[in-house]
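# pasting a predicted model and its sequence here:
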Amino acid sequence: MTLTDEVKREIVSHAQRDYPREACGLIIIRKGKQSYKPCRNISAGVDFFCLDPVDYAEAEGQGAVVALVHSHPDTTPDPSEADLMACEASGLTWLIVSYPSIDWREINPTRHSSPLIGREWQHGSQDCYGLVRDWYAHEMSIYLPDFSREDDWWHKGQNLYLDNFEACGFSNISASEMQFGDLILMKILAP
């Protein structure tokens, strides 16, 4: 995707304002004109972003959303495994700018799939539940819903698995009934 010089300047300015956190925003086309909509990063961490859904909805009201942009502070613009997977899920072109070195990368959905072994961990997509979803999709062509989950849910009285798995067709069985495709749940360092 070719960005106008003005849009590039706006993106770099946004990356500078949000530094050392990742900045995120959207490229919008309205009446044939390209513009950049800076969005709020509502993630709790510094090393990743979560684009505010209110900002996304506002952007959709301003024109056609054609790309998602985010910055990689103090590192290369090379996409992480989580970036590749999220790009797939979004169906949009993604532009990554490194800051402060100002180098650009573009990625597009390509039916990328993370490896089941050796994958990079990222809460909300490449986490334990993401692994479960991907295993069932890859190995059994069973597509589990992607439940919304805030970080540290296991310490906040929530149970992602027990609260949702029955609705997905899972049930408790005895060890003697187990067969290929059954799931064993365990907890480590969590209540």
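On my side now, so go ahead.
# neighbours of residue 80, just the number please.
Residue 80: 16 surrounding residues under other C-beta atoms under 10 Å. For every residue, glycine as well, the C-beta is placed using N, CA and C.
# can you check residue 44 too?
By other C-beta under 10 Å, the residues close to residue 44 number 10.
# now do the contacts for it.
Going by C-beta atoms under 8 Å, 6 or more residues apart in numbering, residue 44 touches residue 151.
# what about it, which SS state?
Three-state call for residue 44 (DSSP: H, G, I helix; E, B strand; the rest coil): coil.
# which one's the longest strand in the chain?
strand 64-73 (DSSP state E).
# now it: average pLDDT?
The predicted model gives strand 64-73 an average pLDDT of 97.
# that one pairs with which strands, and in what direction?
Note on strand 64-73: by DSSP bridges, its sheet partners are strand 24-30 (antiparallel), strand 93-99 (parallel).
# adding mean neighbour count, distance to residue 37 and mean pLDDT, write those strands out as CSV.
Shown next, in CSV, are these (neighbours: other C-beta atoms under 10 Å; distance: least, C-beta to C-beta, whole Å; pLDDT from 0 to 100):
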stretch, mean neighbour count, distance to residue 37, mean pLDDT
strand 24-30, 20, 5, 97
strand 93-99, 21, 13, 97
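# how about these in CSV, adding distance to residue 55?
Output for the strands paired with strand 64-73, formatted as CSV (distance: least, C-beta to C-beta, whole Å):
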stretch, distance to residue 55
strand 24-30, 8
strand 93-99, 16
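# and the longest strand of the chain, how far from the chain's centre?
For strand 64-73, the separation from the chain centroid amounts to 12 Å (computed by C-alpha atoms, centre = their mean, to the nearest Å).
# which other helices and strands contact the helix or strand that that strand is followed by?
Proceeding N to C from strand 64-73, the next assigned helix or strand is helix 81-90, under DSSP states H and E. In terms of contacts (3 or more C-beta pairs under 8 Å, 6 or more residues apart in numbering; DSSP states H and E), helix 81-90 is packed against strand 64-73, strand 93-99, strand 104-107.
# tabulate the ones you listed in JSON lines, adding columns for distance to residue 164.
Converted to JSON lines, the helices and strands packed on helix 81-90 look like this (distance: least, C-beta to C-beta, whole Å):
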{"stretch": "strand 64-73", "distance to residue 164": "27"}
{"stretch": "strand 93-99", "distance to residue 164": "29"}
{"stretch": "strand 104-107", "distance to residue 164": "30"}
